[in-house]
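Participant: Let me see the structure of the following:
(3 chains)
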Amino acid sequence: MKTMGKKYRDPQRLHPVVNIIVTVLLGILAIACIFPFIYVVIISLTSEQSIVKNGFQLIPEAWSSDAYQYLWSMRGQLFRSYGVSIFVTVVGTAISVLMITFYAYAISRPQFQYRRFFTMLAFFTMLFSGGLVPMYIVVTQFLELKDTVWALILPLTMNAFYIIIMRTFFMKSVSESILESARIDGASEWRIFFQIIFPLSLPGIATIALFSTLGYWNDWFQALLYINDPNLVPLQSLLMKIEANLEFMRENMDVANMQQSLFSTIPQESAKMAMVVIATLPIAVSYPFFQKYFISGLTIGGVKE
Amino acid sequence: MKKKLGFLLALFVVIGFILTACGDEESTADNGSDGETYEIKWYTVGTPQPDTEKVFEEVNDYIKDKINATVKMTQIDWGDWDQKSQVMINSGEPFDIIFTNGTNYIQNAQKGAFVAIDDMLDEEGKELKEEINPTLLEGIKVDGKIYGVPSNKEAARQTVYSFNKRLVDKYDFDLSKVKRLEDLEPMLKVIKENEPNITPMATFNAYLPYDYIFNNEMPFAIPFEGNTDEVINHFESDLTMETYKTMHQYFNAGYLKQDAATSKDSWPMDVENWFVRMGDTQPYADLVWSRAAKYEIVSVPAEQPVTINDSVSGAIQAISTTSDNPEKAMEFLNLLNTDPYLRNLVDKGIEDVHYTKNEDDVIEDLPARIERYNVPTYSLGNHFILYLYENDPKDKWEKFQEFNDSAMEAPTLGFHFNSDPIRTELAAITNISNEFYPALATGSVDPEEYLPKFNKKLKEAGLDKVIQEIQSQFDEWKATE
Amino acid sequence: MKKIARDIYTNRTWLLMVLPGTIWLLIFAYLPMFGQVLAFKKFRIDPDGFFASVINSEWVGFDNFKYLFSTDDAWIITRNTLVYNTIFIVLGLVFAVATAILLSEMLSKKLSKFYQTSILFPHFISWVIGSYFVFTFLSADYGLLNYILEWFNIDPVAWYSEPKYWPFIIVFMSLWKGVGYGSIVYLASIVGIDRTYYEAAMIDGASKWNQIKNITIPMLKPLMIILTIMNIGKIFNSDFGLFYQVPRDSGALYSVTNVIDTFVYRGLMNLGDIGMSTAAGLYQSVVGFVLVIITNYIVRKIDEESALF
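Facilitator: A predicted model of the protein is given here:
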């Protein structure tokens, strides 16, 4: 270690020993976090008899692809739900990012006279919510969105939490001096927003977009409330339905036993885990896409001034 | 200044929306009174089926001529049902008929969510009233009024111990000796020693012979026999202590799973990993169970059939107060429960598409019935006009009738407690019951230690006040009976 | 009046930018808020729809709130909620910031990227699934942990009926699920920090530790304060799944797992009373609101710049 010598070391970089310690520590954390997913994959590939007999094992007694064959047998519903989830996530995230950045940018600018009022307007909603029933009335009776894809998108569009994060981001990383020079050049505020602010703020926007994507992708509650049409059920909601139906079965064993065919289509443990795998995979695959922007944020930050 | 502006803006938007909302309400006020065909909106429980629309086209063709109405049935999946139906009812969503049962039915009736149908039962629902077991109608009265049409089926409950017959035969057990929980001991012992792959007892809560005001977890009950005038906390009785002691002894002997108190296992019948379980029966239930399980199941009663509030309110179709035309809804329910063609169409689907029928009106399911139109029979209506399946005994519905007639009436049948005066106490007591009941009833903890603890906490949470309130309402109700 | 018109005109661009968001907030956040009056009413259903129901329901004052304070248990749940959330806020902050800084300083950017992907994983997994994981470790019949204990000749533990271990399990699980998400927020902020600060510090010969102490953390401070204030606003709310599904609703553990949300859920299961559930929500919001105001006031006293408002 000593041989590295102080003069060879770039002071902006970590000391190699420290780096190794840090890498190992974070590695343990990373494994602890990702392990469950691997575990879920293993369980999804375990034969049902083996689960009944031994419970969940790291190395199952008997492997089986039954769970995925079962999922393949319901591919019609599955693909449709995938489609709904993807549509809702993409469209929802786009609308959401646009509305949040507009709002947050405006309230981050000192020129805006009413910024305090609009900040509080957003902030207040974080603490007080209307409750389930009034929200339901707004969506179903005022806006008449029941059984439409918009019922899955609109209620989650804005989020005071994200607005506040974005506002901080704009305040910290968009300095007035760049804007001033642009204004002197005669650019309108809109042009400034789209041509300067937007590219400059990609790291922040990517963060919001990621959260928003997660929010949409993982949401099942809107579907529970507003969707009756099986063609509009998103993937997570399908998963939750299975879980909820099992719960119902446990609590109403007598009903379940009397007309068993009603519940015979509810999948067993391994199939449930297989659902978790296919529901989590797309987001895991698309995450590195967002990550690219975090990394590119480094360079953008570097050349800023 | 700034505030004022925001306020103006807000006010403007809100007013705008209220105006649009009001505008909408007027346009939907079409109740079909002027001869137009009225569409009945019907929400019921169960997984939505692909062929629902197809079947209801037939239904609508049929009923349009009879009652000048069409029906739109929407099924809400099992697991979503509780939450979704509750939100729909509370939000005052306009619809006509909704499935309900048990405590949900009583609470919503008390809250004013359903139309009282007593008068309509003498008009639009005349035939229906004659058809349905009067015990059912009597039992679901809330404050003297009927708020829904119960499914005409078994009206009583009979809890049974069910056994895996293969094992009973193998070890030559004499089931006729089984009367109480204690009688199971010798059999459980043999199974535990000789059958390593079998759990002797599928997880269940020990049976206690009480008529519960709410449910078996809550400490308010009246004994079926003995002093049937007095509301007690049944967790204080010697019988409870004894039963739970036996259960605890079984638990310690390893007859039950070690995680019984927190287990989420529903013990599906088609997995043969148990020896004895507990459940509610109906005539020929053993046959149904054996068919589902694919091995034989045989049951021994743990109690005589008894008509309780829970068993009469097992499945009810209620008319919503938000219905624009309750009379039409009643006409439909009347037809559904009295017209064999309609009832079977709704339940089994379309003949030769979902099932086939042979000469003696005996039917057989086609694959499409299971795959495309599999609806829950119990929730939809009158059972006694349903076609029988080939493997059903011919006297199935007669036996149901006998079963209903033989049942004893529980002391609180028809008494529905109004919990408004003691809501605060009930919320606390529910939490305490949740804390102790599952562990005690599955024998997971020592009752000598935990029952007194349980009762002490209940007392502190205001048990006596609640019992007193129940008693006074009960006495009052009795006086009017 | 003229002045207002002029003000609106000068601010037109900004107002136009907040307009879509404002409309959304009014419809989806403020409009439903009138439902809060139900906390003071005994809800009855009126045939003319929800508004009529709300208006015609009988006022009952603070009756709907009583059950939140009436018993010894009510104080235990308040204590549990507060203590757990305080621990979550403090540990969550420390772990998230530390992880974010370490991730940003790691030499191998490729590995760092992989780690980032991994630590966010638990966030995707619902507590229903999360409770299965915990169960595979803690199950009395075939859990991994008991298997290990047996191996070391230690008596197996009935995990789901031993309250003493659960405060640690709950805190651990909360961090497991939350740290990844939190650290990504801070990481995004770190990568946004102007590199020139570090260059200047390097010229002055500042060590890595000093750079972190004097540049990174101060730059993160506003975000840290904001997120903490917002978390304090939710200090009376808790993650339902963590306290309900993860301990498998085990009665023996209530003394350490019952929080306001689970108490309300269990208490109202039989009653289905929306007045009482609204009351609980309002109580949580009001306490949160008051705490936020106080915290913000204190922050402002110390450092005007960082205050939220």
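Participant: make it CA atoms for all contacts and neighbour counts henceforth
Facilitator: Fine.
Participant: what number of residues lie near C:Met202?
Facilitator: 16 (other Cα atoms under 10 Å in any protein chain shown).
Participant: actually C:Thr86, sorry about that
Facilitator: C:Thr86 - counted by other Cα under 10 Å - has 15 other residues nearby.
Participant: How about B:Asn215?
Facilitator: 14.
Participant: Also C:Asp261?
Facilitator: As a burial measure, C:Asp261 scores 23 neighbours (other Cα under 10 Å).
Participant: What of A:Gly76?
Facilitator: A:Gly76 has 11 neighbours, counted by other Cα under 10 Å.
Participant: Report the separation between it and B:Arg369.
Facilitator: 19 Å (Cα to Cα, to the nearest Å).
Participant: now swap in B:Leu440 and tell me
Facilitator: Using Cα to Cα, B:Leu440 is found at 43 Å from B:Arg369.
Participant: repeat for C:Tyr186
Facilitator: Plainly put, C:Tyr186 is 55 Å away from B:Arg369 if you go by Cα to Cα.
Participant: Could you report the neighbour count for B:Glu469?
Facilitator: When neighbours are counted by other Cα under 10 Å, B:Glu469 comes out with 18.
Participant: Spit out the contact partners of it.
Facilitator: For B:Glu469, the contacting residues are B:Pro421, B:Ile422, by Cα atoms under 8 Å, 6 or more residues apart in numbering or on different chains.
Participant: which phi and psi does it have?
Facilitator: When read as degrees, to the nearest 10, the backbone of B:Glu469 gives phi -60, psi -40.
Participant: how close does it get to chain C?
Facilitator: Distance, B:Glu469 to chain C, by Cα to the nearest Cα, to the nearest Å: 16 Å.
Participant: next one: B:Lys72
Facilitator: To chain C, B:Lys72 is 21 Å away according to Cα to the nearest Cα.
Participant: Equivalent analysis for A:Phe193, please.
Facilitator: Shown here: A:Phe193 relative to chain C, a distance of 10 Å by Cα to the nearest Cα.
Participant: Is that residue in a helix, a strand, or coil?
Facilitator: Under DSSP: H, G, I helix; E, B strand; the rest coil, the three-state class of A:Phe193 is helix.
Participant: Nearest to chain A: which residue in the stretch 1-150 of chain C?
Facilitator: In the stretch 1-150 of chain C, the residue found nearest to chain A is C:Met33; the distance is 3.8 Å by Cα to the nearest Cα.
Participant: Which residue, other than its chain neighbours, is closest to that residue?
Facilitator: A:Gly130 (3.8 Å; Cα to Cα, 6 or more residues apart in numbering or on different chains).
Participant: B:Leu167 now?
Facilitator: Residue nearest to B:Leu167 in three dimensions, not counting chain neighbours: B:Phe275, with 7.1 Å by Cα to Cα, 6+ apart.
Participant: For the one you found, list the residues it contacts.
Facilitator: Contacts of B:Phe275 by Cα under 8 Å, 6+ apart are B:Phe163, B:Asn164, B:Leu167, B:Ile191, B:Ile198, B:Thr199, B:Pro200, B:Met201, B:Ala202.
Participant: what residues does the stretch 51-200 of chain A put near chain B?
Facilitator: Counting by Cα under 8 Å from any Cα of the partner chain, the positions of the stretch 51-200 of chain A adjacent to chain B are A:Tyr114, A:Phe117, A:Leu132, A:Val133, A:Pro134, A:Tyr136, A:Ile137, A:Gln141, A:Phe142.
Participant: and these as JSON lines, adding neighbour count and pLDDT?
Facilitator: As requested, those are arranged in JSON lines below (neighbours: other Cα atoms under 10 Å in any protein chain shown; pLDDT from 0 to 100):
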{"residue": "A:Tyr114", "neighbour count": "21", "pLDDT": "89"}
{"residue": "A:Phe117", "neighbour count": "16", "pLDDT": "91"}
{"residue": "A:Leu132", "neighbour count": "16", "pLDDT": "82"}
{"residue": "A:Val133", "neighbour count": "21", "pLDDT": "86"}
{"residue": "A:Pro134", "neighbour count": "24", "pLDDT": "88"}
{"residue": "A:Tyr136", "neighbour count": "24", "pLDDT": "91"}
{"residue": "A:Ile137", "neighbour count": "22", "pLDDT": "89"}
{"residue": "A:Gln141", "neighbour count": "18", "pLDDT": "87"}
{"residue": "A:Phe142", "neighbour count": "19", "pLDDT": "87"}
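Participant: Figure out the helix or strand that B:Tyr437 lives in.
Facilitator: In the assignment (DSSP states H and E), B:Tyr437 maps to helix B:423-441.
Participant: can you check C:Asp155 too?
Facilitator: With DSSP H and E as criterion, C:Asp155 is part of no helix or strand.
Participant: State the number of residues packed around the residue lying closest to it once chain neighbours are set aside.
Facilitator: Of all residues not flanking C:Asp155 in the chain, C:Leu149 sits nearest, at 6.7 Å (Cα to Cα, 6+ apart). For C:Leu149, the neighbour count with other Cα under 10 Å is 13.
Participant: if I look at C:Leu149, how far off is C:Ala140?
Facilitator: C:Leu149 is 12 Å from C:Ala140, by Cα to Cα.
Participant: Next, show the common contact partners of the two.
Facilitator: Common neighbours of C:Leu149 and C:Ala140 (Cα under 8 Å, 6+ apart) are C:Pro156.
Participant: Confirm B:Tyr43 sits in a helix?
Facilitator: No - B:Tyr43 is assigned strand when assessed by three-state DSSP, not a helix.
Participant: Hmm, it is touching B:Ile76, no?
Facilitator: Yes - contact criterion Cα atoms under 8 Å: B:Tyr43 and B:Ile76 qualify, at 7.2 Å.
Participant: returning to that earlier point: how about the contacts made by the residue nearest to C:Met33?
Facilitator: Shown in contact with A:Gly130 (Cα under 8 Å, 6+ apart): C:Ala29, C:Tyr30, C:Leu31, C:Pro32, C:Met33, C:Phe34, C:Gly35, C:Gln36.
Participant: re earlier: would you convert the residues of the stretch 51-200 of chain A next to chain B into JSON lines that also reports secondary structure and distance to chain C?
Facilitator: Formatted as JSON lines, those follow (DSSP: H, G, I helix; E, B strand; the rest coil; distance: Cα to the nearest Cα, whole Å):
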{"residue": "A:Tyr114", "secondary structure": "coil", "distance to chain C": "8"}
{"residue": "A:Phe117", "secondary structure": "helix", "distance to chain C": "10"}
{"residue": "A:Leu132", "secondary structure": "helix", "distance to chain C": "9"}
{"residue": "A:Val133", "secondary structure": "helix", "distance to chain C": "8"}
{"residue": "A:Pro134", "secondary structure": "helix", "distance to chain C": "5"}
{"residue": "A:Tyr136", "secondary structure": "helix", "distance to chain C": "9"}
{"residue": "A:Ile137", "secondary structure": "helix", "distance to chain C": "8"}
{"residue": "A:Gln141", "secondary structure": "helix", "distance to chain C": "10"}
{"residue": "A:Phe142", "secondary structure": "helix", "distance to chain C": "9"}
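Participant: hang on, C:Val171 packs against C:Phe88?
Facilitator: Yes - counting by Cα under 8 Å, C:Val171 does reach C:Phe88; the two are 6.9 Å apart.
Participant: quick one, which of these two is more surrounded?
Facilitator: Between C:Val171 and C:Phe88, counting by other Cα under 10 Å, C:Phe88 is the more crowded of the two (20 against 17).
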